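Visitor: Curious how this folds, go ahead:
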Amino acid sequence: MTGASAPDVILADVALREHGQNERGTFQNRFSPAVRIRIARALHAAGVRRIEVFSCVSAQVAPAMAPAYLAEIARGIGRLPDTELVTLVPNPRGFESFLQLGLGPGGFGHTVGLFHSAVEAHNRANFGREIAENQAWIRTIAEQARAREVPRVGYVSAAFGFRPTPGGELLDAPLSDVLRFIEIQRDLGTRTVTLSDLQGVRTPAETRDRLGELLHRLGDDARSWLGYHPHHADPDTGVALAADPAVAMVEIQ
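Guide: Numbers count the residues shown, from 1 in each chain. Model prediction:
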């Protein structure tokens with residue numbers, strides 16, 4: 001953003017991590033380690049200063065996140081100057097993999113991403129457990145990461161609601177719950193907390209209202225650490241959500 005009174009906006013790229021989680025093993029030749037290394041370097045050259053690179057999840061669920069691939073990619077990317085590399089870690093076993101891959105401060109210097117959903121139905125579908133169970137796990141990860149001086153960032157998925165089926169009933173994420181989840185994440189020492197509208201269920205006006213109310217309740221300081229991750233089936237609408245001037249009050253992730 002420009003203008004004397006406007007805060008800086010940090011743009012974060014999530015394609016390497018998000019596409020990698022969904023890429024089928026049969027297509028690994030198209031999303032090879034060499035391709036992923038090249039993308040990361042190109043993003044850095046383009047000025048992107050926060051890149052979600054990996055997710056330490058089971059290779060059975062996400063073949064592109066197999067440890068052998070991640071090790072090769074981490075070596076190929078190395079440390080990028082003035083750029084935060086983020087690896088999402090869903091559970092304590094994932095944090096063990098994070099350390100074994102040398103992604104911590106003594107190695108490639110990645111930041112740990114802690115996350116869960118704001119809607120129970122989505123959390124169960126995505127993780128196979130209740131939100132409270134997820135929170136217990138991320139507390140454990142946060143404690144272990146803090147002891148090793150690994151920086152943390154937080155994410156709350158489905159922070160604008162969730163539809164279990166396309167066009168079906170919208171399960172709301174109450175503002176009070178989202179606020180509580182944000183505060184829990186901050187208590188875990190996260191530098192930022194990013195809210196995801198993972199299905200693009202809200203209009204720009206609804207998004208503006210929710211973010212505005214959250215900023216009001218969290219205080220002006222939240223403008224420097226609250227992030228927003230838009231999605232939409234229609235690319236033009238997705239861009240409109242991210243580009244809305246009032247939405248850009250926050251640190252768009």
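Visitor: all strands of the stretch 101-250 of the chain, in order?
Guide: 111-117, 152-157, 190-197, 226-230 (DSSP state E, counting those that start in this stretch).
Visitor: Any chance of the ones you listed in JSON lines with mean pLDDT and distance to Glu18 as columns?
Guide: (Glycine included, C-beta is placed from N, CA and C.) JSON lines is the format used below for the strands of the stretch 101-250 of the chain (pLDDT from 0 to 100; distance: least, Cβ to Cβ, whole Å):
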{"stretch": "strand 111-117", "mean pLDDT": "97", "distance to Glu18": "12"}
{"stretch": "strand 152-157", "mean pLDDT": "97", "distance to Glu18": "12"}
{"stretch": "strand 190-197", "mean pLDDT": "96", "distance to Glu18": "10"}
{"stretch": "strand 226-230", "mean pLDDT": "92", "distance to Glu18": "9"}
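Visitor: Take those and lay them out in a markdown table including distance to Leu80 and mean neighbour count.
Guide: Below are the strands of the stretch 101-250 of the chain laid out as a markdown table (distance: least, Cβ to Cβ, whole Å; neighbours: other Cβ atoms under 10 Å):
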| stretch | distance to Leu80 | mean neighbour count |
| --- | --- | --- |
| strand 111-117 | 12 | 24 |
| strand 152-157 | 16 | 25 |
| strand 190-197 | 17 | 24 |
| strand 226-230 | 20 | 22 |
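Visitor: any chance of the ones you listed in JSON lines, plus distance to His19?
Guide: Below are the strands of the stretch 101-250 of the chain laid out as JSON lines (distance: least, Cβ to Cβ, whole Å):
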{"stretch": "strand 111-117", "distance to His19": "16"}
{"stretch": "strand 152-157", "distance to His19": "17"}
{"stretch": "strand 190-197", "distance to His19": "15"}
{"stretch": "strand 226-230", "distance to His19": "14"}
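Visitor: and of the ones you listed, who's closest to Arg129?
Guide: Counting by Cβ to Cβ, Arg129 lies closest to strand 111-117 out of those; the figure is 9.1 Å.
Visitor: Contacts for the closest one next, please.
Guide: 52, 55, 84-90, 95, 98, 123, 126-127, 131, 134-135, 138, 141-142, 145, 150-158, 162, 181, 185, 188, 190-191 (Cβ atoms under 8 Å, 6 or more residues apart in numbering).
Visitor: tell me the contacts of the closest residue to Arg152 other than its chain neighbours?
Guide: Nearest in space to Arg152, with sequence neighbours left out and distances taken as Cβ to Cβ, 6 or more residues apart in numbering, is Thr190 at 4.7 Å. Neighbouring residues of Thr190 by Cβ under 8 Å, 6+ apart: 114, 142, 152-154.
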